[in-house]
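Undergrad: Return a 3D structure for these sequence lines:
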Amino acid sequence: MYTQLIYFIIVLLLFSLQPPSNPRVKAGPVDLSYILVLFFLFAAFCRTSFRGIVHQASRSAFPSTISFSYYRLLARLNIMAIAWLFLYLYVFNFRLYLRVIPGFEKSSTIAGLTGLLIYMIHLCVIWYYSHPAYQVMHDSRASRSSYVRAQFSFAAVILAPWLLISSVTDLLQLVKTPAFIASETGQFLVVLMALFAFVLFGPWLMVRLWRCEPLAPDYVNVELQQYCKEHNFRVGGFLLWPLFGGEMITAAIVGILPGLRYILMTSGLLNLLDLSELKAVVAHEMGHVRKKHLLLFIGLFMFFIFVVYGISDMLMLLALSNRTILNWALSPVEGPYLVSLLSSIPLIILMVLFFRFVFGFFLRNSERQADLFALELLGTPYPLVSSFEKIARHSGKIADLPNWHHYSIRQRIDFLFAAFENRDLIRKHNIKLYGSALAFTALSGLLLFAGVGTDRSALAKGWRTEIQLGILEREIAKNPEDVELQAVYGGVLFETARYSEAESVLSAALTLDPNNATLLNNLAWLYATTPEPFRNPSEALALAYRAAELKPEPHVLDTLAEALYINGRYEEALAAINAAIAKGGRDRDHFLKQREKFERALRGRV
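TA: The predicted structure is shown next:
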C-alpha cells in the first residue's frame, strides 16, 4: 500500500505541476499516434513479462524465487507506467488532448483525477496480465475480472485523503473567503485541517468503500472481542476484509477514535490461523495504536512538507541562476515545460528519498515495535511467530522476501526470539525509534530554518540578481535600441559591484539617448558612490544636474544631493535632500539618513 501511495503522489505531481497548455497550439494526430503505440508496447511488455513468470513456475522453480521475481516485476512495471506518463506529457504533448475535459486547466482536482485515471488504466493492464502468475503463486480461484476489480478498489481507497483535501481547496477558490484563508498560511491550515478530519473520520468511509462486513458472531469473534476488553482496548468492531476475494492473508487496523477504530481481517487469514495466533495478530495491531504510530507517521509527513516548502524556492532559484537553464526557461515554447520540470523533478526526488529511506525506516521499526508490544502482552513469541510462518508458507514461501517498509518475516521472527531471550532489546528498540523521531524533527527544523535563512541571505540575493540580469540581457538582445532596459541593466550591474560593466552599459546607452533622465541619474550615482578608479565627483555632479532638470523626482534629487556632497557643497546638498523629502516617496527613511549625514558634514566644516 505504501509503495502504491508513493506512485500516486508522483503522478499527481506530474499532472498538477505541469503548466497550462498554450490555447493557440492545436493537438495533432501525430503525437496521439505515438502515445497509442507506446501504450500498446507497454501492454505487450506486461503480457510477455508475466508469461515468463508463469513459465518459470511451470519449471518447478522454488516458490520463493517466483515470489521475488513476481513482486520485483510489479515494482518495475509501476515505475515504467509512470515513465510512460512522463513521456506522454513532456514529449508528446498529451495535455493538449486532455484540455477538452471541462475544468482540466483550472481545477487541480480534475487534473489530478485525470492523471490518476490514466495511470490506473496502465495499472489495470498490469493487473490483467499478472493474474495468471498470481493464481500460480497463491493457488487462487479468483477470476481475472474480480482480481482486477479488487486491485482497483483497494488502490482507489488510498486516494480518498487526497481527493478530500484537493476538493476542499478547489471549492474554497470558488467562494469568497477571508483574506487569511486565501493566503499560503491559510491554505496550508485548511489542508492540515482536512487531513486531520480524514484521519479521524475517514476510517468510517474506508471500510465501506472496501465493502467490509462485521465478522460472523461466532466463537472466534466473541473471543477476540473479549480479548480486547481484557486489555482495555476499544474498537468499533472486527470486520471481514474482502481483499482480493478474501484470499490475501493479511490484517490491518484503521482509525484513531475508539468508536471508529476497526480491525480488518481477510477470510484467508481467519481460515489459516488458530485462535491463539489470531489473538497474537490482534495484539500486534493493538501495538500500533498504543505506540501512536499513525500520529507518528502524520507528524513525519507534515515535517517533510514543511521542509520541502522551505527549500523548494531555493532549489528553483539555484537552478535558474544558471544562465543556460534560464535561457531554456525563458523560451516561449519549451520554457513553461522546463519550469514545470524544475519544479516537479526535485520534489519527486525528495519525496522518493523521504519515503524510501526515512519513512521506510520508521515503518519498519514501527512494525517491529508492534511485534515487541505483542511479545510483552502475550509473554511469549510463539503464537506470533507461528502466524508469521504460516503466512510466509501460504503466500509463496516469502519468509526472506525483502521489503522496504517491513523487515522480512525471517528478520521479524529472529528479532522476536532475541528479544524474548534479552528483554533489554525492547527498551533499546524503543529508544532507537523515538530517538530517531526526535532527531528527524530536529533536523527538519534546522533544514527549515536554513531554507528560510537562505531565502533572505546574500547568496539568494545573488541568485535573484543573476536571474534578473539574464532576463534583461535576453530582452536587450531582442530590443538593442531600448535605452530604458539598458538603464535598468546598468543599475543591476552596479548593485552587484560590476562597476566597469555598469559604466560601459550606461555610457553606451547615453550616446543613444543623451537626454534620458534615468540613464543620467544612474550614471551620476555610479560616479558619486563607487570607489576609485570609477569615482568621478565632477562628472557625477554634471550628470546629476542634467537629470534633475529633466526629471526632478525624489530619487533624482537624492542623487543630486549626493553629488553635491562629494564635491564639498554641503549646504546645497542639504537643500536638495530637503526638496526630495518634501516631494515624499517610499525612500523617506533613506532621505532622512542622508540629511543627517549632510548636517553632520556641515557642522563639522563650521
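Undergrad: Give me the distance from the helix or strand containing F196 to the chain's centre.
TA: F196 belongs to helix 184-209 when assigned by DSSP states H and E. Computed by CA atoms, centre = their mean, to the nearest Å, the chain-centroid distance of helix 184-209 equals 18 Å.
Undergrad: Run through the neighbouring helices and strands of it.
TA: helix 144-158, helix 160-174, helix 179-182, strand 251-254, strand 262-265, helix 293-320 (3 or more CB pairs under 8 Å, 6 or more residues apart in numbering; DSSP states H and E). The way it works is simple: take the backbone N, C-alpha and C, and place the C-beta from them, glycine included.
Undergrad: Which stretch among these is buried most, on average?
TA: Ranked by mean neighbour count under mean count of other CB atoms under 10 Å, these are led by strand 262-265, which reaches a mean of 24.
Undergrad: Tell me which helix or strand comes right after it.
TA: Next element after strand 262-265 (DSSP H and E): helix 267-272.
Undergrad: what packs against that next one?
TA: Short answer (3+ CB pairs under 8 Å, 6+ apart): helix 267-272 packs on helix 275-290, helix 382-394.
Undergrad: Compare the ones you listed and say which comes out lowest on pLDDT.
TA: Across the helices and strands packed on helix 267-272, helix 382-394 has the smallest mean pLDDT, namely a mean of 91.
Undergrad: Could you list the residues in contact with it?
TA: For helix 382-394, contacts defined as CB atoms under 8 Å, 6 or more residues apart in numbering pick out 249-250, 268-269, 272-273, 276-281, 283-284, 371, 374-375, 378, 398-399, 409, 412-413, 416-417.
Undergrad: Just the buried residues of these.
TA: If you count burial by 16 or more other CB atoms under 10 Å, the buried members of these come out as 249, 268-269, 272-273, 277-281, 283-284, 371, 374-375, 378, 398-399, 409, 412-413, 416.
Undergrad: Output the lowest mean pLDDT helix or strand found in this protein.
TA: The helix or strand of the chain with the lowest confidence, counting by mean pLDDT, DSSP states H and E, is helix 179-182 at a mean of 66.
Undergrad: Return the alpha-carbon coordinates of stretch 387-403 using PDB.
TA: As requested, the backbone C-alpha atoms of stretch 387-403 are provided in PDB (Å, rounded to 0.1, in the frame of the first residue of the first chain):
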ATOM      1  CA  SER A 387       1.300 -16.900  12.500                       C
ATOM      2  CA  PHE A 388       4.300 -15.400  10.600                       C
ATOM      3  CA  GLU A 389       5.500 -18.800   9.500                       C
ATOM      4  CA  LYS A 390       2.000 -19.800   8.200                       C
ATOM      5  CA  ILE A 391       1.600 -16.600   6.400                       C
ATOM      6  CA  ALA A 392       5.000 -16.900   4.700                       C
ATOM      7  CA  ARG A 393       4.400 -20.500   3.800                       C
ATOM      8  CA  HIS A 394       0.900 -20.000   2.300                       C
ATOM      9  CA  SER A 395       1.900 -16.700   0.500                       C
ATOM     10  CA  GLY A 396       4.600 -18.400  -1.700                       C
ATOM     11  CA  LYS A 397       7.300 -19.100   0.900                       C
ATOM     12  CA  ILE A 398       8.200 -15.400   1.200                       C
ATOM     13  CA  ALA A 399       9.900 -15.500   4.600                       C
ATOM     14  CA  ASP A 400      13.100 -14.000   3.100                       C
ATOM     15  CA  LEU A 401      11.400 -11.600   0.600                       C
ATOM     16  CA  PRO A 402      12.900  -8.200   1.100                       C
ATOM     17  CA  ASN A 403      10.600  -5.300   1.800                       C
END
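Undergrad: Name the helix or strand for the residue nearest the centre of the chain, please.
TA: Ranked by distance to the mean C-alpha position of the chain (CA atoms, centre = their mean), the top residue is L347 at 4.7 Å. Element membership for L347, per DSSP H and E: helix 335-353.
Undergrad: That helix: what's the following helix or strand?
TA: Where DSSP H and E defines the elements, the next helix or strand beyond helix 335-353 is helix 360-378.
Undergrad: Flag every buried residue along that following helix.
TA: Neighbour-count burial for helix 360-378 flags 360-375, 377-378 (criterion: 16+ other CB under 10 Å).
Undergrad: I'd like to know how many residues surround L209.
TA: L209: 13 surrounding residues under other CB atoms under 10 Å.
Undergrad: ah, wrong one, I meant I35
TA: 19.
Undergrad: That one and Y88: what is the separation?
TA: 5 Å (CB to CB, to the nearest Å).
Undergrad: Need the residues touching each of those two.
TA: Common neighbours of I35 and Y88, counting by CB under 8 Å, 6+ apart, are F94.
Undergrad: contacting residues for A582?
TA: Here A582 is in contact with no residues (criterion: CB under 8 Å, 6+ apart).
Undergrad: immediately after the one helix or strand it maps to, which helix or strand?
TA: Element membership of A582, judged by DSSP H and E, is helix 570-583. With elements assigned by DSSP H and E, the helix or strand that comes after helix 570-583 is helix 588-605.
Undergrad: Q468 belongs to a strand?
TA: No: counting by DSSP: H, G, I helix; E, B strand; the rest coil, Q468 is not found in a strand; it is helix.
Undergrad: Please report how far it lies from N221.
TA: From Q468 to N221 the distance is 69 Å (CB to CB).
Undergrad: ok, now E495?
TA: 75 Å.
Undergrad: More neighbours: which of the two?
TA: Per other CB under 10 Å, whichever of E495 and N221 has more neighbours is N221, with 16 against 13.
Undergrad: excluding its backbone neighbours, what's nearest that one?
TA: Spatial nearest neighbour of N221, excluding adjacent residues (CB to CB, 6 or more residues apart in numbering): L215 at 4.4 Å.
Undergrad: so that neighbour touches V235, yeah?
TA: No: contact criterion CB atoms under 8 Å: L215 and V235 do not qualify, at 11.4 Å.
Undergrad: one step back: what's the closest of the helices and strands packed on helix 184-209 to L438?
TA: helix 293-320 (11.0 Å; CB to CB).
Undergrad: ok, now how distant is F154 from M248?
TA: From F154 to M248 the distance is 9 Å (CB to CB).
Undergrad: Equivalent analysis for E549, please.
TA: From E549 to M248 the distance is 86 Å (CB to CB).
Undergrad: So for those two, which sits in the more crowded spot?
TA: Between E549 and M248, counted using other CB under 10 Å, M248 has the larger neighbour count: 19 against 13.
Undergrad: which regions of the stretch 351-500 of the chain lie under the pLDDT threshold?
TA: Low-confidence segments of the stretch 351-500 of the chain (pLDDT under 70): 396-397, 452-457.
Undergrad: The chain too?
TA: Within the chain, the segments meeting pLDDT under 70 span 1-2, 17-28, 60-64, 177-184, 244-246, 332-342, 396-397, 452-457, 605-606.
Undergrad: any idea which element A509 lies in?
TA: Using DSSP H and E, A509 sits in helix 499-512.
Undergrad: Give the buried residues for that helix.
TA: Neighbour count says helix 499-512 has Y499, A502, E503, V505, L506, A509, L510 buried, by 16+ other CB under 10 Å.
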